[in-house]
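Student: have a look at this prediction, sequence included:
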Amino acid sequence: MTDISRERPYDEIDLSSRTFWAQPAPVREHSFAALRADRPLSWHPPVQDALMDDEDDPGFWAVVRHADIVEISRRHDVFVSGQGVIFENIPEMFLETSQSFLATDPPRHTKLRTLVSKAFTPRQIAQISERIEANTVAVVAELAAAGSGSDFVQACAAQLPLRVFADMVGVSEADREEVAEAAGAMVSWADPEFLGDRDPLDVMFETQLVLLRHALALAEQRRSKPTGDLMSALVAAEVDGDRLLDEEIGAFFILLAVAGNDTTRQSMSHALRALTTHPEQRAWLTADFGARIDTAVEEFVRWATPVMTFRRTAVVDVDLHGTTVRAGEKVVMMYPSGNWDTDVFTDPAAFDLSRRPNPHLSFGGGGVHFCLGAQLARTQLRAVFRELFRQIPDIRAGEPDYLTGNFIHAVRALPVTF
């Protein structure tokens, strides 16, 4: 541990322990509210049960106000992503493989994002939208056939984004289960129930290898025999003579498998639970679904805040709220706190599907790292609730079983009755 932790006391509110992140979101909000009011920038010890031991890690700054999260997100020249975007330090060899261009900075980030964006042509988007509709009808029908008492997460919320991702990039039916299990492991390595007696670094390494193997095999197939799917477009994408390297394609495949799956999956589960516990909001939405679903979707993702934290690292000394953040120090943005900031949201503790404006931070705070898949997530959320209300109009969610962690606001299981 460096001398910084001795000369700068840690805050009395605990944001580093597993115990804190195992609490329900409304309980965590009490701590965030206290920090927003008095200490918008606070210093905390290294996160408990880190992926790897690091004696030189002095801790991190917690940023809890909406305005500060937006500012840090947009100042990519000062607060960089290239040293990692999760709470803790991870081995450099895992950084870009596990986080793709999330863990890069301009100009490399600009190049990678431009190349990837070239693959999302209007034709690709149209094909994806068609597949979302077809997959949604099928997944909800399967949930209905499974019957009351089924687990909504496994039967629906996990299935739809997985099928959409697999269709987008061309993962075969035979490979989908293995890809899904590996993608799930990438965000579950901090969960003791999932890990058992395994080492989290070993789990991360093994699951990355699985996903990379599928990505590289697909890329090789599409180079010789393109089929019109997203992988075909990725291997052909070109800007100023540059194309994506195999390792860049592999890293983006992992990002899509994890981020493209988990954000939508968690928002679906949290939203269904909230619609069950707030029947007046459900009635408001279903009274004019077509006109109200777009506004409702924004509240779904604010309420869920599926990604709870992202980190940046200061590359120069910078002043925030009269405090100097030193070059090399970690700054962690607390998205649940920003999404409950009373300076921005009226009565943020209310689940209000008519909330407008709704400048939530669930797709990031803007800047170069704004979520590339935001529209894809919105499309899936609109489609799944349209189909749920059409096929299973009386569906209700029971008590969720949450997965403990400081990164994804994950629902492990959600029983439903109808």
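Tutor: Perfect, thanks for sending it.
Student: can you give me the strands in the protein?
Tutor: For the chain, applying DSSP state E gives strands covering 41-44, 60-63, 79-80, 309-314, 318-320, 323-325, 330-334, 396-397, 401-402, 411-413, 416-417.
Student: average pLDDT across the fifth one?
Tutor: Meaning strand 318-320. Strand 318-320 comes out with an average pLDDT of 95.
Student: what residues sit buried inside that strand?
Tutor: Buried residues in strand 318-320, defined by neighbour count with 16 or more other Cβ atoms under 10 Å: Val318, Leu320. Yep, even glycine has a C-beta here, placed from its N, CA and C like the rest.
Student: got any ranges where this protein has weak pLDDT?
Tutor: Along the chain, the model assigns pLDDT under 70 to residues 1-6, 93-94, 96, 98-99, 189-190.
Student: now the nearest residue to Val64 once chain neighbours are set aside: how far from Arg75?
Tutor: Leaving aside its sequence neighbours, Val64 sits nearest to Ser337 (Cβ to Cβ, 6 or more residues apart in numbering; 4.0 Å). Distance check for Ser337 against Arg75: by Cβ to Cβ, to the nearest Å, it reads 19 Å.
Student: OK, contacts around Arg412?
Tutor: Arg412 makes contact with Val153, Glu193, Pro400, Asp401, Tyr402, Leu403, according to Cβ atoms under 8 Å, 6 or more residues apart in numbering.
Student: and of the strands of the chain, who's closest to Glu299?
Tutor: strand 396-397 (16.4 Å; Cβ to Cβ).
Student: still on that earlier bit, and which of the contacts of Arg412 is nearest to Thr379?
Tutor: Val153 (20.0 Å).
Student: so how far is Asp262 from the closest one?
Tutor: Distance, Val153 to Asp262, using Cβ to Cβ: 11 Å.
Student: Ala144 now?
Tutor: Distance from Ala144 to Asp262, by Cβ to Cβ: 24 Å.
Student: tell me which of the two has more neighbours.
Tutor: Using other Cβ atoms under 10 Å, the more surrounded residue of Ala144 and Asp262 is Asp262, with 23 against 18.
Student: how near is that one to Glu298?
Tutor: 19 Å.
Student: check Asn135 too.
Tutor: Taken as Cβ to Cβ, the span from Asn135 to Glu298 is 23 Å.
Student: also Asp38?
Tutor: Asp38 is 29 Å from Glu298, by Cβ to Cβ.
Student: so between the two, which is more surrounded?
Tutor: Between Asp38 and Glu298, Glu298 has the larger neighbour count (other Cβ under 10 Å), namely 20 against 9.
Student: check contacts around the more buried one.
Tutor: Going by Cβ under 8 Å, 6+ apart, Glu298 touches Arg355, Asn358, His360.
Student: distance of it relative to Phe363?
Tutor: Between Glu298 and Phe363 the distance is 10 Å, computed by Cβ to Cβ.
Student: quick check: neighbours shared by those two?
Tutor: Here Glu298 and Phe363 have no joint contacts, going by Cβ under 8 Å, 6+ apart.
Student: for stretch 159-167, the distance to its chain's centre please.
Tutor: Relative to its chain's centre, stretch 159-167 lies at 16 Å (Cα atoms, centre = their mean, to the nearest Å).
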